Structure formats: C-alpha cells, structure tokens
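Student: No letters, just coordinates:
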C-alpha cells in the first residue's frame, strides 16, 4: 500500500495529476453539498414557521460532513495511500463515526419540515415502500454493513481494490452508505413506520461488535504473513479498539433512546403513600 498515485483520495494538486484534482473536487462538492442542502432545508423550515429545530442536530450533521471531507481528500487521503493504519482510521470514520453523526442530524425529519404537506405525504409513502423497508431492516442492514467489511479485511488480499480509481471511491461510498443504513436501522431519529423492537436492534449492534472484533483479531493474527502491509498489526489494533470506541457511542445513543421511549410510555407517577 505505497503507491499513492493510484489511491482514489489522493490530492491532485501535490502530484500535478489532473484526474486527481477532478476527483478531489468531486469529493469536496459532495460533502459540502450535503452540508449546504441541510442548512437550506433548515432555512426553508424556518420560513414555514417551524424554527424550533434543535441546534445539536445541525451540529451533528455538519460535523459528519466535515469529517467525511477531511478524510477523503487532501493529506489524510494521501497518507492512507501509503499506510494501512491510516486507511483503517479512514474506514472507521467513514463507516462508523460519520454515519452516526449524519443519522443524529435527522435529515429526513428536517426535510419533512421544509417541504409542503403534500410533498411530505408522498415522500412518507415512499419510505413505506417494500424495498426501503427491506434495506432498513436491522438484520439486512447489519449484513450489508459487516459482510463486505469482513471479506475485504479478512486476509488483506482485497486491499488492492482500494487503489483502483473506480472501485476505491465506490468502496468509500459503500462504507458511508452501509454504515448509515445500519445506524439508521438501530438508532435512527427519523420516522420509521416499521421500527424493529429494541431487543432486535440491540442484538444487531451486538452482532456488529462481534464481527468487527473477530475480523480485527484475525487480521492481527495474519499480520506477519508475507504479502501483508508492514503495519498490518497496528492497523488491526486500531480497528479493534477504535471500533469499540465508536460502538460505545452507538450503545450510549441506543440505551438513551430505549430509556426515553420507555419513560414516555410509562411516566413515573408520584407515590400517593408517605
């Protein structure tokens, strides 16, 4: 993993590669566009008299877009081209931390506040469509999030795909999309007409933690084999402990939601007896 000229996120300015410059520009436009569209939706909602949007949601979305921009272009992307450890950090950010922040931004809820009622109703019907229901089911979302990751990192043979000018960016897109689907399925704030019960969502979080740990431990075990990047063991350690750190954040959000919903259904009543 040393040829930075073939890494999808490398900077075109440093090496004078026009294709790299075009790729960086496209990446920047995507992340900046996500942030701008969110702010515009917030402004549209405010103009419709719905100006009580929580600032922490805007902060979460903006932080997610900013982190995504920071790790997919510029110096971090260049470093990831020559370091498996840095690449693993990018994977953790794109596949776990950025999706959590984006989901906490509740973009669908903001969109529904910003558009006319009839548009919102049509969009809500779309959310209830069978394909979306399938994709956002916790079991399906967990499989989409964990199986490709396990195949890619199991023995290192798939890592060469990360340098492909087409497959590399698609893998980054997959990290973000599958991570967001999984996070929405287990802790989504946005409307979900068919939200799975808490025990199933919690079980899928546990399964995700287990798969992540198994892959990281296996990668560490094969790190000294020939053909592996020199820093495979360090990358595996980062995958293990960094993944645990983000999973802790996910569990905190999950537990807070479960407690909040249970409390709202069964509010505590003052004791009538002394």
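Tutor: Done, it's in. Note that the structure is a prediction, hence the values are computed from the model and not measured.

Student: Show the model's pLDDT score for the closest residue to residue 194 other than its chain neighbours.
Tutor: Of all residues not flanking residue 194 in the chain, residue 133 sits nearest, at 5.5 Å (C-beta to C-beta, 6 or more residues apart in numbering). Glycine gets a C-beta too; all of them are placed from N, C-alpha and C. Listed pLDDT for residue 133 reads 89.

Student: Around residue 133, how many other residues sit close by?
Tutor: Residues lying near residue 133 (other C-beta atoms under 10 Å) number 14.

Student: just checking, it touches residue 195?
Tutor: No: Residue 133 is beyond contact range of residue 195, at 10.7 Å (criterion: C-beta atoms under 8 Å).

Student: tally of neighbours for the nearest residue to residue 106 once chain neighbours are set aside?
Tutor: Once its chain neighbours are removed from consideration, residue 106 has its nearest residue in residue 189; the separation is 4.2 Å (C-beta to C-beta, 6+ apart). Taking other C-beta under 10 Å as the criterion, the count of residues near residue 189 is 18.

Student: Relative to residue 234, how far out is residue 220?
Tutor: Look at residue 220 and residue 234: by C-beta to C-beta, to the nearest Å, they are 9 Å apart.

Student: Please read the previous query as pertaining to residue 87.
Tutor: If you measure residue 87 against residue 234 using C-beta to C-beta, the figure is 11 Å.

Student: out of these two, which sits in the busier spot?
Tutor: Comparing residue 87 with residue 234 by other C-beta under 10 Å, the one with more neighbours is residue 87, at 25 against 16.

Student: pretty sure that one contacts residue 232?
Tutor: No: checked against C-beta under 8 Å, the pair residue 87 and residue 232 is beyond contact range at 10.9 Å.

Student: what sits against residue 175?
Tutor: 91, 94-95 (C-beta atoms under 8 Å, 6 or more residues apart in numbering).
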